[in-house]
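[1] Quick check, what structure comes out for this input:
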Amino acid sequence: MLKHLSLILLTLQNAILILVMRYTRTRKGDMYFATTAVVVSEALKVLTSLAILANQEKTITKFFCYLRDNIWRQPMDCLKVSVPSFIYTLQNNLLYIALSNLDAATFQVSFYVLNERERISNKQNHFKWNITKINDKTSFPMLL
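    Next comes the predicted model:
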């Protein structure tokens, strides 16, 4: 039940987000900078994540120790994890540009088709990689 409710809510949220973004990018008057909207949304995500982490750690001391141990003392790991977030930020900026130039329905269909194609391609590559890896370790083919 919770799985279906989550799926419905995420679908609804995504559809409403696209419609609101499209509306705000095409109305008359002064337009906001897309980069500002993306940076503010990313900053809100960071603050929300920090608030959740602080709640999990229970004390401020444990919270700052966790940040020190996992971010400041491991800068290369932090940088590796940051790469997808930088790419995601670029993608969000491109979404604003696309929504400024396409109508909402065309954008939704195009975005869905591109994401599905990528997801299917990744599944096929992962499947082939697993078969190859298993075949390298064993003398008979195995299906996952």
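[2] hmm, which helix or strand of the protein has the shakiest average pLDDT?
    One helix or strand of the chain scores below all others by mean pLDDT, DSSP states H and E: helix 104-137, with a mean of 64.
[3] Nearest residue to the middle of the protein?
    Centroid-nearest residue in the chain, with C-alpha atoms, centre = their mean: Tyr88, separated by 5.9 Å.
[4] And that residue, how close does it get to Leu12?
    Counting by C-beta to C-beta, to the nearest Å, the separation of Tyr88 from Leu12 is 21 Å. Every residue, glycine included, has its C-beta placed from N, CA and C.
[5] so what does the helix or strand encompassing Lys80 touch, helix or strand wise?
    Assigned by DSSP states H and E, Lys80 belongs to helix 75-101. If you count contacts as 3 or more C-beta pairs under 8 Å, 6 or more residues apart in numbering; DSSP states H and E, helix 75-101 packs onto helix 2-26, helix 34-57, helix 104-137.
[6] Okay, buried residues for it please.
    For helix 75-101, the neighbour count (16 or more other C-beta atoms under 10 Å) marks Asn92, Asn93, Leu95, Tyr96, Ala98, Leu99 as buried.
[7] how deep is the closest residue to Tyr32 other than its chain neighbours tucked in, by neighbour count?
    Leaving out its chain neighbours, the residue that sits closest to Tyr32 by C-beta to C-beta, 6 or more residues apart in numbering is Thr24, at 7.4 Å. Residues within reach of Thr24, counting by other C-beta atoms under 10 Å, total 14.
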